Each structure stands twice: as structure tokens, then as C-alpha cells.
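J.: dropping the sequence and predicted coords here.
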Amino acid sequence: MSIFHNVRPPAEALELMLRHVNPLGAGELVPTSEALDRVTAAPVMAPHPLPFFRRGTMDGFAVRSADTHGASASLPAMLSIVGEVLMGQSATVDLRPGEAAVIHTGGHLPEAADAVVPIEDTQPLGDAEVEVLKSVALGENVIQVGEDMAKGGQILPSGHWLRPQDIGALLAFGLAEIPVVTRPRVALLSTGDELVSPSQRKLQPGQIRDINSHTCAALTLRAGGSPDVLGIVADQWEALQHAAAAALALADVLVLSAGSSVSVRDMTARVIAGLGEPGILFHGVAVRPGKPTIGAAVNDKPVFGLPGNPVSAMNLFNLLVVPTIHHLLGCQNPPQPRQVQARVTRNVAAMPGREDHIAARIVSRDGELWAEPVFGKSNLIHTLVRADGTFVIPLDAGGVTAGDWVTVRYFR
């Protein structure tokens, strides 16, 4: 197998992957109160109008708007107080012309009333009368039936990433359960004789703790997937082949970390190629860090071979695996990292023909935001720990100059 024979720009590599895999479609019912960051499996329709009764939006007096026409501080309208609308109960007060009822924010508007006068626009005259110092229009300070949502209206579409406000909207209709897409199961395997468990207290020279499985597991959770950390596989052909095939049989996505470069010990590409059709779609992505990345599809399942260096692995996981998980979920509005425009603090050289993803810390100087590059080799995880996000030097650029504007994407 030739190495890096079809290096592709990141966007092209992702588009190629998504063409070979389809959304999962499987759904399940979950309690709405526990559905944050899930994806709707079907459109959700309103079972009734919201609100289903007319209600006031101010503390004050429910009135017939016609009784307030022309009212002013110098010539107030005089109305008789005939009752009060109790909160949480249907209005029982029946207003006739020239009458008003005390009402509180959210209270049920009496049938004959069509507006609410705010209490600050009134002046009491004992317990039985009130002066209205300002006129109100028909429907003023009133929420009408169905004004928020009509019966049968679409509350949320299919493929919608559920946010806190969406949870509130669903519960406002009494929808205690919601159909969501089943989380894609992402199998995570790390390879390498040098790797040991993060729980190992004492290391021997030449050993390193496996962190890629766990950083990728955290990214999987953030992306809406269900991570399955399957441990470390030695640099042995039979062991890796068996582990990869077994993991793929049980999972929706397979991610192997390390073993994707050109080392004579690296066998990930051969293992992935032997998993099934159509096989490897690309081996090499025009990006730094993370060029020696493999993407494959096996029977409609995405398979990724990520570099072993943690910075490279996280960068390519964000670029390729996260949007693939969103695609499997059928998500139409995946959450996006916050972005800011900032001036770069120094010159940064880049090689045309690849995207350079530069870790950066955001600092404020004289009221302006500046992106301060955080340099470090791709096997040094604290390069990312010290950074707030990354900015991209495009494929066709030779770098950026101090003072240039860049777009920094924050780590979520």
C-alpha cells in the first residue's frame, strides 16, 4: 500500500466520508428533563395552543380597552373595581362597561376584558374605584390564545439538537417524554507497545500513559456519542486485527489512535483496509497537526485512524470525527464553538498546501483582543491546556503577519 497517496484537504476528506455513511435513524424515548444535548428523532407537534387561555403580562387591572380611550393624567378614566383574578384559577369576574378587575402577571383574563392597564398607570381611590391615567389599546399587555404556538404547530423539527430552552418549550406542553436518536456508539482503541493505563502509578523509561482514548471519549460525549474505551492493543498484527474487527462489529464508529504514519511498526492502515468494503477513502489530510490520518468506511460504518500524538489526535477528532457523529445523529443544528476575531501577536509561518491549526491564547490589550500563539510539538498535550482555542492558516496562505486579524475558535 502506498503511503499518503491521496492526501486531501480537511473539508474534502469530511465530505468524502459523509458520502459513504448514513444517519442511524434509530430512536428511543427519554424523559424530556434528561434530554439535553440529544437530537430529536421526529418532529414534535403542539398538542394544544400555548397559552391555552388569554393571560395578562402585567400587574394591574383587567379592563375593556374602550373604557380607557382618551384617559390621561389630567383627565383620568374612572373605573369601578369589581373583583380580583386569583392566580392559578379561572377568572370568575364578569366585567361590564366601566368596571375593572385586579389581575396579576400571568393571570387568566376575564372573558369581557381585552386589555390590562399596568398598576403604575393607575391611581387608587379607596378600595372600590381606580383612576386610569393612560389609555390602553385592544390587546395591550395581553398574551392571546396560541400566541406562542398554535395547536398542531411544529415545536421542534426532526434532527434538532436539544438546548435548555427547547427542554422548557417541550415541558410547557406537558411533554414529559421525547423521541431522540440513539447515541452512536464510538469504539476507541489505542495501539502501541509503549502505552500503559493512565492508572499506572510508576512508569518505566520508554512507557507513556494512554491519554488519547480518554480525550477522544470526552470529545465523543460532547458530540452526542456514546464512547466505549476498549483499552490498549499491542503492536501485533493478529491482536490489532482481531480487536478492530470485534470493536467494529459492536460499534457504529471505530477510532484507532496511533499507527497511522509511515513507521515500519505502523500497521493500522493495513488492518483498516482488511476490515471490509469500500475500505480506505483517504490516507493523509492536508492539515498540521494531524496529516497521517486515515478515513475509511466499512459497511456504512466510519472508521478513523488518528495519529498517536495527542494534539494531532484531538485536532483531527474535532475536524472529522465530531461532524461524522453529528451526521450519524441526523443533526441539523449541531452546536458550534464560540468564535472571536482577534489580532495575532506575532508572525507565524506556514507551508502552502496545508491548513495549519495554531493553538492560541486570547489576551486583551488596550481594549482589543489579541491571539497569542501557543507553540509546542504535537505530542505535548499542555500546548492545548495553555490555549483557549485555535485559528486556521488556510491552505493557500504562507502564514500570517503580526497584527493580522484571525478567527479564533474556542475549545468548547
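T.: Looks like it arrived, so ask away. Being a predicted model, the structure only gives us computed values, none of them experimental. Numbers count the residues shown, from 1 in each chain.

J.: could you list the low-pLDDT ranges of the stretch 151-300 of the chain?
T.: The model of the stretch 151-300 of the chain has pLDDT under 70 over residues 259-266.

J.: would you map the strands across it?
T.: Ranges of strands in the stretch 151-300 of the chain, per DSSP state E, counting those that start in this stretch, are 154-156, 177-181, 185-191, 195-196, 208-209, 226-233, 253-257, 278-283, 287-288, 294-298.

J.: for the ones you listed, which one ends up most surrounded?
T.: Mean neighbour count (mean count of other Cβ atoms under 10 Å) peaks for strand 253-257 among those, with a mean of 28. (Each C-beta comes from the backbone N, C-alpha and C, glycine too.)

J.: redo the strands of the stretch 151-300 of the chain as TSV? Include distance to residue 44.
T.: What follows is the strands of the stretch 151-300 of the chain, written out as TSV (distance: least, Cβ to Cβ, whole Å):
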stretch	distance to residue 44
strand 154-156	5
strand 177-181	7
strand 185-191	25
strand 195-196	45
strand 208-209	44
strand 226-233	23
strand 253-257	27
strand 278-283	35
strand 287-288	38
strand 294-298	32
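
J.: would you mind saying which of those strands lies nearest residue 271?
T.: Of all the strands of the stretch 151-300 of the chain, it is strand 253-257 that lies closest to residue 271, at 7.7 Å by Cβ to Cβ.

J.: tell me what the closest one is packed against?
T.: Other helices and strands packing on strand 253-257, by 3 or more Cβ pairs under 8 Å, 6 or more residues apart in numbering; DSSP states H and E, are strand 185-191, helix 212-223, helix 237-250, helix 268-273, strand 301-306, helix 322-328.

J.: can you put the ones you listed in JSON lines and add distance to residue 348?
T.: Below are those laid out as JSON lines (distance: least, Cβ to Cβ, whole Å):
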{"stretch": "strand 185-191", "distance to residue 348": "31"}
{"stretch": "helix 212-223", "distance to residue 348": "25"}
{"stretch": "helix 237-250", "distance to residue 348": "37"}
{"stretch": "helix 268-273", "distance to residue 348": "31"}
{"stretch": "strand 301-306", "distance to residue 348": "24"}
{"stretch": "helix 322-328", "distance to residue 348": "25"}
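
J.: so which of those comes closest to residue 381?
T.: helix 212-223 (7.8 Å).

J.: buried sites along that closest one?
T.: Residues of helix 212-223 classed as buried by neighbour count (16 or more other Cβ atoms under 10 Å): 212, 213, 215, 216, 217, 219, 220, 223.

J.: hang on, the earlier thing: wait, which of the helices and strands packed on strand 253-257 is closest to residue 198?
T.: Closest approach to residue 198 among those is made by helix 212-223 (6.7 Å; Cβ to Cβ).

J.: show me how far the closest one is from its chain's centre.
T.: Put simply, helix 212-223 sits 15 Å off its chain's centre (Cα atoms, centre = their mean, to the nearest Å).

J.: and the angle from that helix to strand 226-233?
T.: Using axes from the mean of the first three to the mean of the last three Cα atoms, to 10 degrees, one finds that helix 212-223 and strand 226-233 are set 170 degrees apart in direction.

J.: helix 212-223 to strand 301-306, inter-axis angle?
T.: With the same axes, to 10 degrees applied, the angle from helix 212-223 to strand 301-306 works out at 130 degrees.

J.: so what touches helix 212-223?
T.: Helix 212-223 is contacted by residues 186, 188-190, 198, 226-227, 229-232, 255, 257-258, 306, 308, 310, 313-314, 317-318, 321-322, 325-326, 381, 412 when judged by Cβ atoms under 8 Å, 6 or more residues apart in numbering.

J.: then stretch 363-377?
T.: 309, 311, 340-346, 348, 358-362, 382-384, 386-387, 391, 406, 408.

J.: quick check: mean pLDDT of that stretch?
T.: Stretch 363-377 carries an average pLDDT of 92.

J.: measure that stretch end to end?
T.: 22 Å (Cα to Cα, to the nearest Å).

J.: ok, now stretch 18-31?
T.: 30 Å.

J.: what are the buried residues along it?
T.: Result for stretch 18-31 [16+ other Cβ under 10 Å]: buried residues 18, 21, 23, 24, 27.

J.: how near is the fourth one to residue 192?
T.: Residue 24 sits 31 Å away from residue 192, going by Cβ to Cβ, to the nearest Å.

J.: ok, now the last one?
T.: Counting by Cβ to Cβ, the gap between residue 27 and residue 192 amounts to 38 Å.

J.: and of the buried residues of stretch 18-31, the nearest to residue 352?
T.: Among the buried residues of stretch 18-31, and counting by Cβ to Cβ, the member closest to residue 352 is residue 18, at 26.6 Å.

J.: Three-state assignment for the one residue sitting closest to the centre of the chain, please.
T.: Central residue of the chain (Cα atoms, centre = their mean): residue 335, 2.5 Å from the mean position. On the three-state scheme (DSSP: H, G, I helix; E, B strand; the rest coil), residue 335 is labelled coil.

J.: direction included, what does the longest strand along the chain pair up with?
T.: Looking across the chain with DSSP state E, the single longest strand is strand 355-365. Using DSSP bridges, the strands paired with strand 355-365 are strand 287-288 (parallel), strand 368-373 (antiparallel), strand 389-393 (antiparallel).

J.: which of those is buried the deepest?
T.: Mean neighbour counts were taken over the strands paired with strand 355-365 using mean count of other Cβ under 10 Å, and the top value, a mean of 22, falls to strand 389-393.

J.: so what touches it?
T.: For strand 389-393, the surrounding residues in contact (Cβ under 8 Å, 6+ apart) are 315, 337, 342, 344, 348, 350, 355-360, 362, 371, 399-400, 406-411.

J.: mind checking what helix or strand follows that strand in sequence?
T.: Remark: after strand 389-393, the chain's next helix or strand is strand 399-400, criterion DSSP states H and E.

J.: any idea how far that next one is from the chain center?
T.: In terms of Cα atoms, centre = their mean, the centre of strand 399-400 is set 30 Å apart from its chain centre.

J.: what's that strand in contact with?
T.: Residues from elsewhere that reach strand 399-400 (Cβ under 8 Å, 6+ apart): 344, 347, 348, 349, 350, 393, 406.

J.: in the following helix or strand past that strand, what counts as buried?
T.: From strand 399-400 onward toward the C-terminus, using DSSP H and E, the following helix or strand is strand 405-410. Buried positions in strand 405-410, judged by neighbour count with 16+ other Cβ under 10 Å: 406, 408, 409.
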